[in-house]
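Chemist: structure for this input, please:
(chains A and B)
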Amino acid sequence: MLSPYRVLDLTNERGLLAGQMLADLGADVIQVEPPGGSSARRLGPYYHDEEGPEKSLYWWAYARNKRGITCDLEAADGQALLKRLAENADFVIESEMPGVMASRGLGYQDLAAINPRLVYVSITPFGQDGPKAHYADCDLILVAAGGPLFLAGDPDRAPVRVSVPQAYHHASADAAGAALIAHRERQRSKQGQHVDVSAQQSVAQATMAAVLAKPLGDAETVRSSGGLVFGGLRIRFIWPAKDGHVSITHLFGTAIGPFTRRLMEWIYEEGGCDEATRDKDWLAYAQLLLSGEEPVAEFERVKQVIAAFTSTKTKAELFEAAQQRGLLIVPITTLQEVSESPQLADRGYWRDLKHPEVNDTVRYPGPFVRYSNQPMADGRRAPLIGEHNAEVYGELGLSDGELAELRTKGVL
Amino acid sequence: MPEQGALADVKILDFMWVIAGPTATRVLADYGATVIRVESQTRVETARTLQPFHGGEAGPENSGMYGNYNAGKLGLTLDMGKEEARDVVRDLVRWADVVAESFSPKAMRAWGLDYESLTAIKPDIVMLSTCLFGQTGPLSRIAGFGTMGAALSGFVNLAGFPDRDPIGPFGAYTDFVAPRFTVASILAALDHRDRTGEGVYIDQAQAESSLHFLSPALLDYSVNGRVAARDGNRDPDMAPHAVYPAAGDDSWVAVAARDENEWQRLCATIGRPELVDDPRFASLGDRKKNEDALNEVIAEWTSRRPAAEVEATLQAQGIPAHTVQSGSAVYADRQMQHRGHFVELEHPIHGTTVVEGSRFKLSRTPAAYRGSAPTYGRDNEHVLKEILGYDDERVTELIVAGALE
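Modeler: Here you go, the predicted model:
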């Protein structure tokens, strides 16, 4: 889809996904690393737990499909080299703190002076400006600042994050789309621009509009063990199964009430509840509770009935029944179960990439969408440190002698 | 105004609903795309039933969630069960560059609006279908919400404490992840069409997109056989790394030290410089081994101070710290306010409403917000007369046929 375009990806672990999305869409993405390799290579887990820059699974996961070069952006020679690369690039993506690239003479203004068509994307924790722009950060800080952390957890313990860091992926995935918005405009205007992505703002998307409750005059959303609190009612989504947990969309109203009714019918069939419990008005049930016509204690009893029932079934039994009977029940899966998912296998989702250096083939997540007319680009494992120096700098017209000199100087 | 936006030349016919789909087209609308959102009044779209509500009052025109994901779009009400309505849709397909839908796989086919039918009307149309598990495979028939996507993609199991049930991230998590991939995929397809004249059908499984947010953990399983587990707020590469109690009711603050320097500065800042030499906390490995004791020491300091003070004191020393912000705290946050994250828009019923702005800034062609999300039928006349050029008689026929309900 994007094969005519070239991306200079200067990001570290904060922004790698943006360039990878463009690479998957077919762009020629050149990952630029400092000599010695990206800081993202120092993030685990590692291949066979062998710590080292060429074994980082974080790097493997998010530098896939890119070519890799080294260039010391702190050194004048490296800065000059990057400017030459930027002359023919369509996109630059960077994830340094605000002001760092400008201090190297490689900020948006500097590169736009060389290549006015350049779309220059900056991914930062809090955006390029503002009172917190220079805040020290990490994933936990950003999910705290943007809102999703407060909303997740058990009421009697601290709020809790997803154990696999998420914040920068929200920002990076936004950055890929933002880059393509600016690109489309450039196709008309022939002008590039600066795209400024704030991870704090990106993660606010994961609050499901709870950040709007205050200005709209609604109640604060609070954490409720994976459920929702609605008008004082505790709606439960996570339920016990014999061998783990399932997620049940246990809601009422005209759209979802029928699913709840079918669930209660099944529980009745198997002797888990009486007729009166089965036959409650599940479409109007929320209103009945909110008006007080149905006591909250009765709702709590119903939830116990459901939990007692689901505890007697395995996740697979519950999921099977959900498909047969039209229920909104899915298993809460481990990543092993995800990896062995029949659905993903049926769709041929996974991609095996060769890693000749370790004489192994490694399975990766596959295309994020399917295009009917062409497969998504894949097949290239993450680059080794400096793997494509000769190729990329050769394309730039550097001679072997010049390359050797730059190597000696430590620029590459 | 549309001519000024970055995507001023993009026309989208939007059959998306709830969160994942509309979130993506909202981004395109912010940057100037003309988005016509088709919905039926006879089957209330789920987002309109979800909080937050204006004044805390439930009602289909009161939902701030619906408002947030549909601002800047034009609204056309159509009862798709009527052939007359589907005729209007076919005219809109001729107008559109992109048709996007987020029903379960069979709906568009049932209306005769699947990709093949659309290409018969407009050969270079770009069509995107987005649903939880994609258009094929044993689970493709499952209708579902992002809460289910999050459960089936491993996210729910990965949030919580090891000694307790999984809790999951808040809400319909894959609905927050997938739209980013939707936006990029549509724009790449349009670029390809412009260069080649070739339209395309895009099949997005929201679960498949979202798994890219878990790639390192999926690789850890595929090469090391290790199954990632929920671990509270702990991090393998940082300690301290936790959410600590602050003074006040249900008030919390996140604190981390990313390296030894930050750990040493933290000890000094909390008035416990001797901790640097405490053998329990000498190295990252030691602190990981004694993390409960470590967290007690830090909690003792945080719990006597308001979260904002902890944040300011530690950040002044370059140590990662932030108040765990509630929804209202995010709204009041000076950084979010500085960035213009919240946008007030006129609303025909409520006077004004508030939505989130664009999550990123374009320096030369910034986002613009053309108006609040459509109330039912708000733009029917504009769409039918101005965009499709129907005359009064044709519009009246549609009303009489009940096609605009």
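Chemist: are we agreed that residue A:123 is in a strand?
Modeler: Yes. Remark: residue A:123 belongs to a strand, assigned using DSSP: H, G, I helix; E, B strand; the rest coil.
Chemist: what sits against it?
Modeler: Residues in contact with residue A:123 (C-beta atoms under 8 Å, 6 or more residues apart in numbering or on different chains) are A:11, A:14-15, A:18, A:93-95, A:168, A:171-172, A:175, A:197, A:199. The way it works is simple: take the backbone N, C-alpha and C, and place the C-beta from them, glycine included.
Chemist: and stretch A:66-82, end to end?
Modeler: 17 Å (C-alpha to C-alpha, to the nearest Å).
Chemist: would you mark the buried spots in it?
Modeler: Buried residues in stretch A:66-82, defined by neighbour count with 16 or more other C-beta atoms under 10 Å in any protein chain shown: A:66-73, A:75, A:78-79, A:81-82.
Chemist: surely residue A:57 is in contact with residue A:49?
Modeler: No. Counting by C-beta atoms under 8 Å, residue A:57 does not reach residue A:49; the two are 10.0 Å apart.
Chemist: neighbour count: the two, which is higher?
Modeler: Legend: neighbour count by other C-beta atoms under 10 Å in any protein chain shown for residue A:57 and residue A:49, higher for residue A:57 (24 against 13).
Chemist: which residues touch the nearest residue to the more buried one once chain neighbours are set aside?
Modeler: Leaving aside its sequence neighbours, residue A:57 sits nearest to residue B:219 (C-beta to C-beta, 6 or more residues apart in numbering or on different chains; 4.2 Å). Residue B:219 makes contact with A:45, A:57, A:60-61, A:362-364, according to C-beta under 8 Å, 6+ apart.
Chemist: before we move on, the earlier item: out of the contacts of residue A:123, which are inside helices?
Modeler: A:18, A:168, A:171-172, A:175, A:199 (DSSP state H).
Chemist: shouldn't residue A:68 be within a strand?
Modeler: Yes. Assigned with three-state DSSP, residue A:68 falls within a strand.
Chemist: what bridges to it?
Modeler: Listed by DSSP bridges, the beta-bridge partners for residue A:68 are residue A:31.
Chemist: what's the weakest-modelled helix or strand in the chain?
Modeler: Just going to use chain A. strand A:228-230 (a mean of 84; mean pLDDT, DSSP states H and E).
Chemist: hm, I was asking about chain B
Modeler: Result, chain B / mean pLDDT, DSSP H and E: helix B:106-110, a mean of 88.
Chemist: just after that one, pick out the following helix or strand.
Modeler: helix B:115-121 (DSSP states H and E).
Chemist: and that following helix, anywhere near chain A?
Modeler: Yes. Helix B:115-121 lies within reach of chain A by C-beta under 8 Å from any C-beta of the partner chain, at residue B:115.
Chemist: check the offset of that helix from the chain's centre.
Modeler: 30 Å (C-alpha atoms, centre = their mean, to the nearest Å).
Chemist: can you list the helices and strands that that helix packs against?
Modeler: helix B:83-95 (3 or more C-beta pairs under 8 Å, 6 or more residues apart in numbering or on different chains; DSSP states H and E).
Chemist: so what touches the helix it packs on?
Modeler: B:11, B:13, B:36, B:38, B:76, B:78-80, B:99, B:111-113, B:118, B:121-122, B:125, B:383-384, B:387-388, B:397-398, B:401, B:403-404.
Chemist: inside helices: which ones of those?
Modeler: The helices, defined by DSSP H, take in B:118, B:121, B:397-398 from these.
Chemist: pull the most distant pair out of those.
Modeler: Pairwise distances across the ones in helices among the contacts of helix B:83-95 (C-beta to C-beta) peak at 24.0 Å, for the pair B:118 and B:397.
Chemist: please say which of those two ends up with more neighbours.
Modeler: residue B:118 (24 against 13).
Chemist: who's the closest spatial neighbour of that one, skipping the chain neighbours?
Modeler: In this structure, residue B:118 finds its nearest non-sequential neighbour in residue B:125, 5.0 Å apart by C-beta to C-beta, 6+ apart.
Chemist: now do the same for the one you found: its pLDDT.
Modeler: Note on residue B:125: pLDDT of 98.
Chemist: residue A:270 too?
Modeler: pLDDT, residue A:270: 96.
Chemist: correct me, but it touches residue A:308?
Modeler: No. Counting by C-beta under 8 Å, residue A:270 does not reach residue A:308; the two are 11.1 Å apart.
Chemist: could you check how far residue A:79 is from chain B?
Modeler: 22 Å (C-beta to the nearest C-beta, to the nearest Å).
Chemist: in the stretch 301-405 of chain B, which spans are strands?
Modeler: B:321-323, B:342-347, B:351-356, B:360-362 (DSSP state E, counting those that start in this stretch).
Chemist: mind listing the helices for the stretch 301-412 of chain A?
Modeler: Per DSSP state H, counting those that start in this stretch, the stretch 301-412 of chain A carries helices over the ranges A:315-325, A:335-339, A:342-346, A:389-395, A:400-409.
Chemist: quick one, which of those helices gets closest to residue A:30.
Modeler: helix A:389-395 (5.8 Å).
Chemist: for the closest residue to residue B:82 other than its chain neighbours, grab the count of nearby residues.
Modeler: Excluding its sequence neighbours, the residue lying closest to residue B:82 (C-beta to C-beta, 6+ apart) is residue B:403, at 4.6 Å. Residues lying near residue B:403 (other C-beta under 10 Å) number 21.
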